[in-house]
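J.: no sequence for this one, just the structure:
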């Protein structure tokens, strides 16, 4: 509010008269030699009343500048709101709720403490409802503004937009380039949609457009305009980056019979499923799952994407441990940690369903860190109980891309005080490692630390001995597809025998997976296989189900 400026030579009686004539006047600004200070109504009344009632007689003729408090209440106009709020909280308690003097080029003005904290609250609310990079509303704001479709509101639809191969931009040009692309795409999106829809960034490279008062043809036309906006390449540091997108379209009439979730959640799931269907058909296109079409499995995959981000926070993830048997000694050789997810809405979800989704969305980094931390915590618990077990943990190739896997593992081991030799990292043979030299370097660093490195599911994809030469390993796990008929197909046993001999000559131990019959186990023992796991030996178990000795496998 605008301040009344009073010269410092004015006597207290005149200022007192100003306050008495205007009961809404809270304070005046005192000017003295070009500087300004604040004198509030409360401060003046305190001075004129006095501790013993003689204040008015003593101070009425004193000048305003003589009555100013010792503490300064002035603040610079360019001070940010959080700093201003912190300054208010640091004031003496008797002064904490008094008005503030703000000094700016336009002259002094008064600001109340309630104004400051109201502005701070508004700033925090805005931050909670908007994406900090693009400035677009986020998913929470989208949900708040989505119309109620329970009555069959016509003309409501959602576009679910996923940028194609955006991860390659971050990996090739860096995250600064990726951020620039996302910011520019948000601008193009706004131009393409115009006043017909509300935009939102859902996270990563995923965006949504909430449309109202449109039919299906109009919604698809807007989606086509968005794709056209990507014909022009993005420019960053002199480079031209060409980015496409895949868009899923869902209309409000699609979900009228579904009441298991709020309207926005269901509509987003349908649009996400349509996008996934289109992406499977070739990317850079528009997908649509109509009201009479069967949306599964794409709608289920979309539902998994929606729920996966909260899996860690909801404590819906657990680890079970499958024992590994040493075939030479018959004793336990450790366990493999197996991730399980039981969602309160979807129910149990198999790893081969949600892990690819987690890798695509980037959620695998948070889930992988959780798995590593929980496995190390369990290892520490078993060590303290006198039953140490080596734990094998699966790692996604996506985790290698960050280049920090060795330091992340070292941090987790140190956090729980677990020796490196008690941990083994498993990488899957069938997955694509984009940067093989980087992955090999990180694996070697882990081996040098004392951590075991295993190649999992060998034989499940396009197996090659060249991979064994390129990647440093301590263990190779033969996939159950090879073990399934090892006791009834002599040529399979011959292949496995040759593989075992080759690997042992390289100093690599061999584990057989999926052992379900005693005959399989006997042949593997005769072939010189080092270790084995499978339901014949033990199914995956919760930690509480394990025995109390290292030889508990012999009694199972």
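T.: Noted; the coordinates are in hand. Quick caveat: nothing in here was measured; it's all calculated off a predicted structure. Residues are numbered from 1 along each chain as shown.
J.: residue 185: helix or strand, and which one exactly?
T.: Assigned by DSSP states H and E, residue 185 belongs to helix 175-193.
J.: what's the mean pLDDT across that helix?
T.: When pLDDT is averaged over helix 175-193, the result is 92.
J.: got the contact list for it?
T.: Residues from elsewhere that reach helix 175-193 (C-beta atoms under 8 Å, 6 or more residues apart in numbering): 133-136, 161, 163, 166, 169-170, 199, 201, 205, 207, 209, 222, 225-226, 228-230, 234, 236-237, 239, 241, 243. Backbone N, C-alpha and C define where each C-beta goes, glycine included.
J.: buried sites along stretch 492-511?
T.: For stretch 492-511, a neighbour-count test (16 or more other C-beta atoms under 10 Å) marks 492, 493, 496, 497, 499, 500, 503, 508, 509, 510, 511 as buried.
J.: can you report how many residues neighbour residue 316?
T.: By the measure other C-beta atoms under 10 Å, the count of residues near residue 316 is 19.
J.: quick one, phi psi at residue 266?
T.: phi -70, psi -40 (degrees, to the nearest 10).
J.: typo on my end, it should be residue 236
T.: According to degrees, to the nearest 10, residue 236 has phi -150, psi 120.
J.: ok, now which ones touch it?
T.: 173, 176, 177, 180, 181.
J.: off-centre distance for the helix or strand containing residue 277?
T.: Element membership for residue 277, per DSSP H and E: helix 263-280. In terms of C-alpha atoms, centre = their mean, to the nearest Å, the centre of helix 263-280 is set 20 Å apart from its chain centre.
J.: residues of that helix that come out buried?
T.: 263-279.
J.: can you give the distance from whatever helix or strand comes next after that helix to the centre of its chain?
T.: Note on helix 263-280: by DSSP H and E, the next helix or strand toward the C-terminus is strand 286-288. Here the centre of strand 286-288 is set off from its chain's centre by 27 Å, with C-alpha atoms, centre = their mean.
J.: which one of the buried residues of stretch 492-511 is nearest to residue 300?
T.: Residue 300 lies nearest to residue 511 out of the buried residues of stretch 492-511, by C-beta to C-beta, at 33.0 Å.
J.: that closest one should be in a strand, yeah?
T.: Yes. Per DSSP: H, G, I helix; E, B strand; the rest coil, residue 511 lies within a strand segment.
J.: going forward, begin numbering at 21 instead of 1
T.: Okay, using 21 as the starting number, the last item reads as residue 531.
J.: who wins for neighbours among the contacts of residue 256?
T.: Ranked by neighbour count (other C-beta under 10 Å), the contacts of residue 256 have residue 201 at the top, with 21 neighbours.
J.: and that residue, how far is that from residue 379?
T.: 21 Å (C-beta to C-beta, to the nearest Å).
J.: same check, this time on residue 220
T.: 24 Å.
J.: so which of those two has more stuff around it?
T.: residue 220 (29 against 19).
J.: which residues are in contact with the nearest residue to residue 504 once chain neighbours are set aside?
T.: Counting by C-beta to C-beta, 6 or more residues apart in numbering, residue 534 is the residue found nearest to residue 504 once chain neighbours are left out, at 6.6 Å. For residue 534, the contact set (C-beta under 8 Å, 6+ apart) comprises 499, 500, 501, 503, 504, 553, 554.
J.: spatially central residue for this structure, please.
T.: Of all residues in the chain, the one closest to the mean position by C-alpha atoms, centre = their mean is residue 383, 6.1 Å from it.
J.: correct me if wrong: it contacts residue 330.
T.: No. Here residue 383 does not reach residue 330: they are 9.9 Å apart, not a contact under C-beta atoms under 8 Å.
J.: so which strand or helix has residue 220?
T.: Using DSSP H and E, residue 220 falls in strand 217-223.
J.: what packs against that strand?
T.: The contact analysis (3 or more C-beta pairs under 8 Å, 6 or more residues apart in numbering; DSSP states H and E) places strand 217-223 against helix 159-165, helix 195-213, strand 226-231.
J.: export the buried residues of stretch 512-531 as JSON lines, with columns for secondary structure, distance to residue 392 and pLDDT.
T.: Formatted as JSON lines, these follow (DSSP: H, G, I helix; E, B strand; the rest coil; distance: C-beta to C-beta, whole Å; pLDDT from 0 to 100):
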{"residue": "512", "secondary structure": "helix", "distance to residue 392": "35", "pLDDT": "86"}
{"residue": "513", "secondary structure": "helix", "distance to residue 392": "36", "pLDDT": "90"}
{"residue": "516", "secondary structure": "helix", "distance to residue 392": "31", "pLDDT": "88"}
{"residue": "517", "secondary structure": "helix", "distance to residue 392": "35", "pLDDT": "91"}
{"residue": "519", "secondary structure": "helix", "distance to residue 392": "29", "pLDDT": "87"}
{"residue": "520", "secondary structure": "helix", "distance to residue 392": "30", "pLDDT": "90"}
{"residue": "523", "secondary structure": "helix", "distance to residue 392": "26", "pLDDT": "88"}
{"residue": "528", "secondary structure": "coil", "distance to residue 392": "23", "pLDDT": "90"}
{"residue": "529", "secondary structure": "strand", "distance to residue 392": "22", "pLDDT": "93"}
{"residue": "530", "secondary structure": "strand", "distance to residue 392": "25", "pLDDT": "93"}
{"residue": "531", "secondary structure": "strand", "distance to residue 392": "21", "pLDDT": "93"}
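J.: hmm, residue 156 is touching residue 222, no?
T.: No. The criterion here is C-beta under 8 Å, and residue 156 misses it with residue 222 at 9.6 Å.
J.: quick one: buried ones out of the contacts of helix 195-213?
T.: Buried, going by 16+ other C-beta under 10 Å: 154, 156, 181, 183, 186, 189-190, 219, 221, 225, 227, 229, 242, 246, 249-250, 254, 256, 261, 263, out of these.
J.: filter those residues down to the ones in helices?
T.: If you go by DSSP state H, these have 186, 189, 190, 242, 246, 249 in helices.
J.: greatest separation within those: which pair is it?
T.: Maximum pairwise distance in those, criterion C-beta to C-beta, is 27.5 Å, between 190 and 242.
J.: so what's the gap between the helix or strand residue 324 falls within and the chain middle?
T.: Assigned by DSSP H and E, residue 324 falls within helix 318-328. Mean-position distance between helix 318-328 and its chain equals 16 Å (C-alpha atoms, centre = their mean).
J.: what average pLDDT does it get?
T.: 76.
J.: which residues touch stretch 132-140?
T.: By C-beta under 8 Å, 6+ apart, stretch 132-140 touches 46, 101, 102, 104, 105, 108, 116, 117, 118, 119, 120.
J.: let me know the closest of those to residue 66.
T.: Nearest member of the contacts of stretch 132-140 to residue 66, counting by C-beta to C-beta, is residue 118, at 11.3 Å.
J.: so who does that closest one touch?
T.: By C-beta under 8 Å, 6+ apart, the residues touching residue 118 are 47, 60, 62, 63, 93, 133.
J.: from residue 178, how far off is the nearest residue to residue 161 once chain neighbours are set aside?
T.: Excluding its sequence neighbours, the residue lying closest to residue 161 (C-beta to C-beta, 6+ apart) is residue 149, at 3.9 Å. Distance, residue 149 to residue 178, using C-beta to C-beta: 18 Å.
J.: of the two, who's got more company?
T.: Neighbour comparison, residue 149 and residue 178: the larger count goes to residue 178, with 30 against 16 (by other C-beta under 10 Å).
J.: could you report the pLDDT at that one?
T.: 90.
J.: part of a strand, is it?
T.: Yes. Assessed with three-state DSSP, residue 178 lies in a strand.
J.: does it really touch residue 228, like I thought?
T.: Yes. Under the criterion of C-beta under 8 Å, residue 178 makes contact with residue 228 at 5.9 Å.
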